[in-house]
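Q: sharing a model that was predicted from the sequence below.
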Amino acid sequence: MLSYALRRLLGAVPTIFVIITIAFFLMRVAPGGPFDQERTLEPQVMANLQAAFGLDLPLWQQYLRYLGNLATGDLGPSFVYRDFSVQQLLGAGLPISVQLGVSALVLALILGGTLGVIAALRQNSPVDYLVIAVATFGITVPNFVVAPVLSLVFGVWLSVLPAGGWQDFSLAHMALPVITLALPQVAVIARLIRGAMLEALRSDHVRTARAYGLPLTMVVGVHALRAASLPVLSYLGPAAAALLTGSVVVETIFGIPGIGRYFVQGALNRDYTLVMGTVVIVAVFVVIFNLLVDLLYAAVDPRVRYG
Amino acid sequence: MRRTARLTMTALVALALGAAAHAEAATYYRGSSGDPETLDTHKTSTVVEAHILRDLLEGLVINDAKGGIAPGVATSWEVSDDGLTYMFHLRDDAKWSDDSPVTAGDFVYSLRRIMNPETGAKYANILYPIKNAEAINKGDMALDSLGVEAVDDQTLQITLEAPTPYFVELLTHQTSLPVHPPSVEKFGNAFVQPGNFVSNGPYKLVSFTPNDKLVMEKNPSFHDADSVAIDRIEYLPFEERATCLRRFEAGEVHSCQEVPREQLASIKTRLGDQLHVAPFLGTYYYAVNGAHAPFDDVRVRQALSMAVDREFLAEEIFSGSMLPAYSLVPPGVSNYVEDQPELAYAHDSMLDREDEAIRLLGEAGFGPDNPLKLEISYNTAEDHRNTATAIAEMWRPLGVEVTFNQRDLSAHYAMLRDDKSHQIARAGWIGDYADPQNFLFLNQSDNPGFNYGAYDNPEYDELMGKAAMETDLDKRAALLAQAEGLFLRDVPQIPLLYYSSTSLVSPKLKGWEDNVRNVHPTRFMSIDD
Amino acid sequence: MPRWTPGCAMADIAHDLAQAPKGRSLWATAWLRLRRNKAAMASLVVLVLYALLGIFGPLLWIHDYRSVYTNYVRAPASLTPYPRAEAIIPGAEAALARARLDVTSVEFDGGTVRVAVTSAREIDPRVTRYLDRSDFFSGARVADMAADGKSALLEADVARLLFVFGTDQNGRDLAARILISIRISMLIGALATSVALVIGVVYGATAGFLGGRIDNVMMRVVDVIYSLPFIFFVILLVVFFGRNIVLMFIAVGAVEWLDMARIVRGQTLSLRRREFVLAAEALGVRRRAIVRRHIIPNVLGPVIVFVTLLIPKVILLESFLSFLGLGVQEPLTSLGVLISEGARNMRAAPWMLIYPSIALTVLLFALNFLGDGLRDALDPKDR
């Protein structure tokens, strides 16, 4: 297992290299550059800027330079936030995004798991329909609607929570963003668990366990839930990677200094180095979470083996 | 066990809320429309940065609460008769936040730094009127040949390329603010970071976290510190205008720099005179690419311009937060003629204009059998999309068939500048200084960066050239008005609307004065709880 | 059949199955079982209704989705026709003020307004067009003109317009916009999801079944695509292929199959160690056949659940693509675009958010219940 994990991590290095390479060139083919804004720059001023950032070099040289810097852990200066390096920007935002993402994930797993199990045990009953209805609602209503509504109701009308803003370690400031982030995940997890549970409950070994007269809680807890966790795990890998790297909508609407908005802002501003920084972060997260998921697969289902 | 957990949570919430309430006493929570990209006065380019830098630094001259020009570090100045040499007399009590004196040499250092090509200053060109500035910025001349000289510590002499009647106003722009030379030398590009930043204005920088807040506190070394009433400012960035509105209504910010226009009517009823709408120096227009047929035909351009119901756009699409525009230069500029030129049909009824437009298009060969097909390009934004949709509808009676092409901002402006593949394209211009030249230069044929209409009229260029050399303000104004007259005859760009500034101002915030420059220095305001 | 699962529908199905003739195909059995599921059948009816609304609604509805009613920008939803009685007289005055006429009196009775006007100059008979131009009136005419031509009596019929769901920020009927958006969004949902489904299932099943090194490489490819900045991918599609609705499906499908592939691959990994797969392998059944006959039917359950999650995602993603210029362009619209417009206007014009949201919610509810029904019906262990 350990040697498998190590091999996978080593194997991730070429993957990340491929990602960086494709992303670097993909980005540069897009029209516009970091200094194209509402106000067009004088040609001379533009030339000075390009030179200051090394954008006047041939693309392959820029690429080699980027790789060289990256090897020393330098993600380069941001093209738009000119007082900061990409490390500084991502370093400041990542802990906050992770903090929110983990909270949302935990909340979603607890709520979604419970709802899913209940619905599966009471299949086609009113409880089941209610859970599905609530879950569907969670997926239907997009976060750009949920976030302003929550902020309006709890921040402006009821005045019980801040309408937005961020303070470290303030639960009040975390509550609404975490709920917004967790809501669609609750829905997805509940539905995945429900579906997989139904399947598992009918599987031979669960039936056998039932036949031996094991109590329902134990059957569900040990056998069914274990089998049901497979599709949830498959889903959670990328979902967790996405959650932990922030959400542009939630950050914009609640004013949270995470890294989610850099994905969109960076791309729209053509802030090349910032975009590459986000790509690197996502790539690392994706690799790590997929590895975790694969390892968990083996732990959950002994039939899955790695050689 | 569970109860303890809940109690701890309540305590934490209370603590957090309590902390916020405590800090509120002397703090101005100022909503701003985004993060500053930089605090380096020589790299700055945005309006957000202008507001922030105005509170941190003081230039030779400043904007007062009403946006007028007032003495700053310079207490007085003289202009030579030929309009080429300015002599500024600096106050002797001006100090940096590390208590070192502000000298004329600091300004020489700063103005040279912005012209240094290595700085990569986005806005260097705004100071090109200074002698040799352009050549230096191109790397053709040495830095010390710049027409800026410290006669002594308290006297600064600036020499210009040509008489520039708006030069003193230019100096209120954030690019003319000084930097603290020792910290630039010591920290390099990092001199703007909290802890390193030395300022000479009413406030000093405490902290800055992108997308969170920028905090500044009163600078005790500031020469006029006694009159500064607000102790602390938190600039809060809002990418989303509706977010600021909610936090304003929740009492979490004292002012918002922009208001969601689509909600303007309901905000007016809800918030009454906390909503401030004031004319602003900017024009919203559609460029018609005259480089391609049929848009090289002035009849086609005029017909399209005539048929736009600007009152509808202003009142309904922008809920009254914009004004109908019949000229490129907005009202409220200085150094211009009394009766500003406007489109000939500005006061005609819409129906007459529509009939005339149909006639003109017919003359140009377009009609029911041969409809004019065109594409409107715009950068993605709710307002622009609604405007384009509405204008397409106004052109429909002329038999014009419209398709749309929306791009994100970078792609849109890159296309306007490089490909120029547009037919009709949205653009806007906010004046850097209140002078007609700042709007009319957009259409000079040697200005490919902005001349989206591909206007190439030697007569126009000549008038602009003459105006640039004219020292008599009245004669200059007449020349510029003549140029705008040509522009309006040819409409290479169709003026649609004049911008307004929209702000929310809490009744607790005193001293906010609406003005055409939309500048609101914190030092002239106070918080009344 | 385990009996401890509550709910009598299952028992009925089991009963029905016991009597089912042998050799019925997977789909025929599934259809039989699906018909017993009331929620699923109701959902099917709703979906058919939506399809009909999407196809025929825009043709039959009283307003065209493109028509702009300049007098009715953001008019609230109402079951009584506009204009309101109190708005008619000011409306006539406003229309004629733009003709630079002085209105001396306005009378309104039944369906007609009579306006007496005067002017310092001679009145141009074309002024009736000002009344016609207003959305309040139609059939304006000069009923009487004074000899000197400086005063006149104008008549016009009041135009009754019904906006059951209100109008949008450009003054277009929201109901008509919703109808056209149903057409677009269902198209997007169906096509983009199909692309993702086919690629994802085939790719995931192959990777999971073949396992080992091939699986490893295939999943790394998934990681690479997943990590690339999606926005640039979209921008480049626009640049190289122009704006094209088919491209949008490719863009969405090309990204959304990744999750699907992961889920299918995970299931397959587990399935291929199962007894029946090992047995089939031992019997020399060809791999392709094993994937088709054993793997794919067994992963259908989670796949269907995931599809019901994917469709809303795709429909909402489309509004983001529109933002980048790849999605649908004005005057066409989609549910995602309508909802994001509504979210922006939710305080000033709540109907702009409420009705499109209801339209989407109902659609997705139906899809979900149908999906669950299908999942149950296709469950191979119940066969």
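A: Looks like it arrived, so ask away. Numbering: from 1, shown residues only, chains lettered A, B, ... in the order given.

Q: nearest to chain C within the stretch 1-150 of chain A, name that residue for me.
A: In the stretch 1-150 of chain A, the residue found nearest to chain C is residue A:124; the distance is 3.8 Å by Cβ to the nearest Cβ. Backbone N, C-alpha and C define where each C-beta goes, glycine included.

Q: in chain B, where is pLDDT below threshold?
A: B:1-25 (pLDDT under 70).

Q: which residues of chain B lie near chain C?
A: B:242, B:260, B:262-263, B:265-267, B:312, B:316-317, B:349-351, B:380, B:382, B:385-386, B:388-390, B:392-393, B:403-408, B:411 (Cβ under 8 Å from any Cβ of the partner chain).

Q: near chain B, which residues of chain C?
A: Where proximity means Cβ under 8 Å from any Cβ, the interface of chain C facing chain B comprises C:68, C:70, C:73, C:98-100, C:126, C:129-130, C:133, C:169-171, C:235, C:238-239, C:243, C:323-325, C:329-331, C:341, C:344-345, C:347-348.

Q: check the stretch 1-150 of chain A too.
A: Near chain B, the residues belonging to the stretch 1-150 of chain A are A:30-45, A:48-49, A:51-53, A:77, A:80-84, A:89, A:92-93, A:148 when assessed by Cβ under 8 Å from any Cβ.

Q: make it 6 Å
A: For the stretch 1-150 of chain A, the contact set with chain B under Cβ under 6 Å from any Cβ of the partner chain comprises A:31-32, A:36, A:40, A:42, A:44-45, A:48-49, A:52, A:80-83, A:92.

Q: for those, which one is nearest residue A:291?
A: Sorting those by how near they are to residue A:291, with Cβ to Cβ, puts residue A:92 at the top with 26.9 Å.

Q: pretty sure residue B:157 sits in a helix.
A: No: per DSSP: H, G, I helix; E, B strand; the rest coil, residue B:157 lies outside any helix segment and is strand.

Q: which of the residues of chain B next to chain C fall in helices?
A: Taking DSSP state H as the definition of helices, these contribute B:242, B:265-267, B:312, B:350-351, B:382, B:385-386, B:388-390, B:392-393, B:411.

Q: show me which of the residues of chain C next to chain B are buried.
A: Buried subset of the residues of chain C next to chain B (neighbour count, 16 or more other Cβ atoms under 10 Å in any protein chain shown): C:68, C:70, C:73, C:98-99, C:129-130, C:133, C:169-171, C:235, C:238, C:243, C:323-325, C:329-331, C:341, C:344-345, C:347-348.

Q: ok, which of those residues also contact chain A?
A: With respect to chain A, and counting by Cβ under 6 Å from any Cβ, the subset of these in contact is residue C:235.

Q: return the alpha-carbon coordinates of stretch A:48-62 using PDB.
A: This file holds the C-alpha atoms of stretch A:48-62, laid out as PDB (Å, rounded to 0.1, in the frame of the first residue of the first chain):
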ATOM      1  CA  ASN A  48       7.600  49.100 -21.500                       C
ATOM      2  CA  LEU A  49       5.100  46.900 -19.600                       C
ATOM      3  CA  GLN A  50       5.700  43.900 -21.700                       C
ATOM      4  CA  ALA A  51       9.400  44.300 -21.300                       C
ATOM      5  CA  ALA A  52       9.100  44.700 -17.500                       C
ATOM      6  CA  PHE A  53       7.300  41.300 -17.300                       C
ATOM      7  CA  GLY A  54       9.400  39.500 -19.900                       C
ATOM      8  CA  LEU A  55       6.400  39.200 -22.200                       C
ATOM      9  CA  ASP A  56       8.600  40.400 -25.100                       C
ATOM     10  CA  LEU A  57      10.600  37.200 -25.200                       C
ATOM     11  CA  PRO A  58       9.700  34.400 -27.500                       C
ATOM     12  CA  LEU A  59       7.100  32.100 -26.000                       C
ATOM     13  CA  TRP A  60       9.300  29.100 -25.600                       C
ATOM     14  CA  GLN A  61      11.800  31.200 -23.600                       C
ATOM     15  CA  GLN A  62       9.000  32.400 -21.400                       C
END
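
Q: what residues does that stretch touch?
A: For stretch A:48-62, the surrounding residues in contact (Cβ atoms under 6 Å, 6 or more residues apart in numbering or on different chains) are A:35, B:117, B:120.

Q: let's go with 8 Å and repeat that
A: Defining contact as Cβ atoms under 8 Å, 6 or more residues apart in numbering or on different chains, one finds that stretch A:48-62 is touched by A:25, A:28, A:33-35, A:41, A:47, A:65, A:77, A:79, B:117-122, B:124, B:137.

Q: buried ones among these?
A: For the contacts of stretch A:48-62, a burial check counting by 16+ other Cβ under 10 Å picks out A:33-35, A:41, A:47, A:77, A:79, B:117, B:119-122, B:124, B:137.

Q: for the residues you listed, work out which two are farthest apart.
A: Farthest-apart pair in the buried ones among the contacts of stretch A:48-62 is A:77 and B:137; separation 21.3 Å (Cβ to Cβ).

Q: quick one: the longest helix along chain A to chain centroid distance?
A: Of all segments of type helix in chain A, defined using DSSP H, the longest is helix A:86-121. Taking Cα atoms, centre = their mean, to the nearest Å, one finds the center of helix A:86-121 at 8 Å from the center of the full chain.

Q: and the least confident of the residues of the stretch 1-150 of chain A next to chain B?
A: Per-residue confidence across the residues of the stretch 1-150 of chain A next to chain B is lowest for residue A:40, with 73 (pLDDT).

Q: what's the spacing between that one and residue B:36?
A: As for residue A:40, its distance to residue B:36 is 21 Å (criterion: Cβ to Cβ, to the nearest Å).

Q: look at these two and report which has more neighbours.
A: Each of residue A:40 and residue B:36 has its neighbours counted (other Cβ atoms under 10 Å in any protein chain shown); residue B:36 has more, 26 against 23.

Q: can I take it that the more buried one is in a strand?
A: No: looking at residue B:36 with three-state DSSP, it is coil, so not inside a strand.

Q: quick one on the thing from earlier: tell me which helix or strand comes right after the longest helix of chain A.
A: Proceeding C-terminally, helix A:86-121 gives way to helix A:126-140 as the next helix or strand, assigned by DSSP states H and E.

Q: okay, whichever helix or strand comes after that next one in CSV with CA atoms only?
A: Next along the chain after helix A:126-140, taking DSSP H and E as the criterion, comes helix A:143-150. Once non-C-alpha atoms are left out, helix A:143-150 reads as follows in CSV (Å, rounded to 0.1, in the frame of the first residue of the first chain):
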residue,chain,number,x,y,z
ASN,A,143,-25.4,29.3,-5.4
PHE,A,144,-25.7,32.8,-7.1
VAL,A,145,-29.3,32.8,-5.9
VAL,A,146,-28.8,31.1,-2.5
ALA,A,147,-25.9,33.4,-1.4
PRO,A,148,-27.6,36.7,-1.9
VAL,A,149,-30.9,35.4,-0.5
LEU,A,150,-29.2,34.2,2.7
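
Q: which helices and strands sit right next to the helix or strand just after helix A:143-150?
A: Along the chain past helix A:143-150, the next helix or strand (assigned with DSSP H and E) turns out to be helix A:171-201. With contacts defined as 3 or more Cβ pairs under 8 Å, 6 or more residues apart in numbering or on different chains; DSSP states H and E, the secondary structure elements packing on helix A:171-201 are helix A:86-121, helix A:126-140, helix A:143-150, helix A:225-244, helix A:248-254, helix B:2-23, helix C:296-323, helix C:351-378.
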